[in-house]
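Student: based on what follows, work out the 3D shape:
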Amino acid sequence: MSRWQRIARDAEGTAYATAYAERFRAMVAAGQDVHGEAGLVTGLAGPPPARVLDAGCGTGRIATHLAGLGYDVVGVDVDASMVRVAQEEAPSLDWRVVDLATMALDTVFDLVLVAGNVVPLLEPGTLDAVAARLAAHTDDGGLVVCGFGLDADHLPGDCPVTPLADVDSAFARVGLEPVERWSTWDRGPWVEGGGYVVTLHRRAPRGGSA
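Tutor: Sure thing, here's the model as predicted:
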């Protein structure tokens with residue numbers, strides 16, 4: 001069982017994927033805006049049909065919304081139960097059960113999105129491999145956007161903190177250059193020591209040319 005599956009099951013039981021999706025449906029029904037991540041993506045990726053990879057798509061909330069706006073979206077997640085819910089919600093979209101550490105989709109994207117605390121929920125020792133796979137699936141000059149918690153208040157269960165410096169270093173080693181970072185999905189200013197970060201990296205041209 002993965003770190004994510006253990007934490008999710010501790011919180012919700014074996015029906016955690018359905019519970020996760022239902023929680024967001026209830027938020028929408030209550031009039032809450034649950035599309036902050038998608039809003040940032042649309043402001044960065046350019047107009048549809050830009051190619052977007054939702055890496056760690058969960059039950060497909062973000063990818064489904066982006067597809068409805070006309071983006072060419074693929075959603076991948078290591079958790080088959082989460083992907084199953086996404087398929088039920090949007091059967092026409094491209095959903096795949098994929099481990100980000102070994103992902104090989106034979107295509108590249110204009111923007112790769114890594115939301116929902118995917119980074120700290122990675123299996124121990126896989127950050128470098130995941131960074132390499134994210135870079136491999138990002139087109140030259142394309143963008144990688146990651147949002148994740150940096151303290152216990154912004155992480156689920158007993159999920160350990162992945163230091164921001166470790167993420168920066170792993171991304172730098174695979175040609176992902178830092179562009180910007182914020183404290184929220186609506187581009188709130190980043191403050192050192194903050195509990196949540198949204199990072200923006202650009203894929204350097206392959207071969208190192210400018």
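Student: beyond the longest helix along the chain, next helix or strand please.
Tutor: When the chain is parsed with DSSP state H, its longest helix is helix 16-29. Sequence order places helix 36-45 as the next helix or strand after helix 16-29, per DSSP states H and E.
Student: give me phi/psi at the residue lying closest to G58 once chain neighbours are set aside?
Tutor: Leaving aside its sequence neighbours, G58 sits nearest to M82 (CB to CB, 6 or more residues apart in numbering; 4.9 Å). The C-beta positions use only the backbone N, C-alpha and C, and glycine is treated the same way. Taking degrees, to the nearest 10, you get phi -70, psi -40 for the backbone angles of M82.
Student: these two touch, right, M82 and A15?
Tutor: No: checked against CB atoms under 8 Å, the pair M82 and A15 is beyond contact range at 11.7 Å.
Student: give me the more crowded residue out of these two.
Tutor: M82 (26 against 11; other CB atoms under 10 Å).
Student: coming back round to it: separation between the residue nearest to G58 and C57?
Tutor: 8 Å (CB to CB, to the nearest Å).
Student: now stretch 23-42: average pLDDT?
Tutor: Here stretch 23-42 scores 79 as its mean pLDDT.
Student: in that stretch, what counts as buried?
Tutor: 35-38, 40-42 (16 or more other CB atoms under 10 Å).
Student: please convert the residues you listed to CSV, extending it with distance to Y20.
Tutor: Converted to CSV, the buried residues of stretch 23-42 look like this (distance: CB to CB, whole Å):
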residue, distance to Y20
H35, 16
G36, 17
E37, 15
A38, 17
L40, 21
V41, 20
T42, 23
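Student: farthest-apart pair in those residues, please.
Tutor: G36 and T42 (11.1 Å; CB to CB).
Student: the longest strand along the chain - contacts with which helices or strands?
Tutor: In the chain, assigned by DSSP state E, the strand with the most residues is strand 138-149. If contacts are counted by 3 or more CB pairs under 8 Å, 6 or more residues apart in numbering; DSSP states H and E, strand 138-149 sits against helix 36-45, strand 109-114, helix 164-173, strand 176-182, strand 196-203.
Student: pick the most deeply packed of the ones you listed.
Tutor: strand 109-114 (a mean of 25; mean count of other CB atoms under 10 Å).
Student: do you know how far the residue nearest in space to the middle of the chain is from F148?
Tutor: Residue closest to the average C-alpha location in the chain (CA atoms, centre = their mean): V114, at 1.7 Å. V114 is 8 Å from F148, where distance means CB to CB.
Student: related to what we said a few turns ago, show me what the longest helix of the chain is packed up against.
Tutor: So helix 16-29, by 3+ CB pairs under 8 Å, 6+ apart, packs with helix 3-12, helix 80-89.
Student: so where's this protein uncertain?
Tutor: 14, 24, 32-34, 208-210 (pLDDT under 70).
Student: rerun at 80
Tutor: Within the chain, the ranges that satisfy pLDDT under 80 run 1, 4, 8-17, 19-21, 23-35, 207-210.
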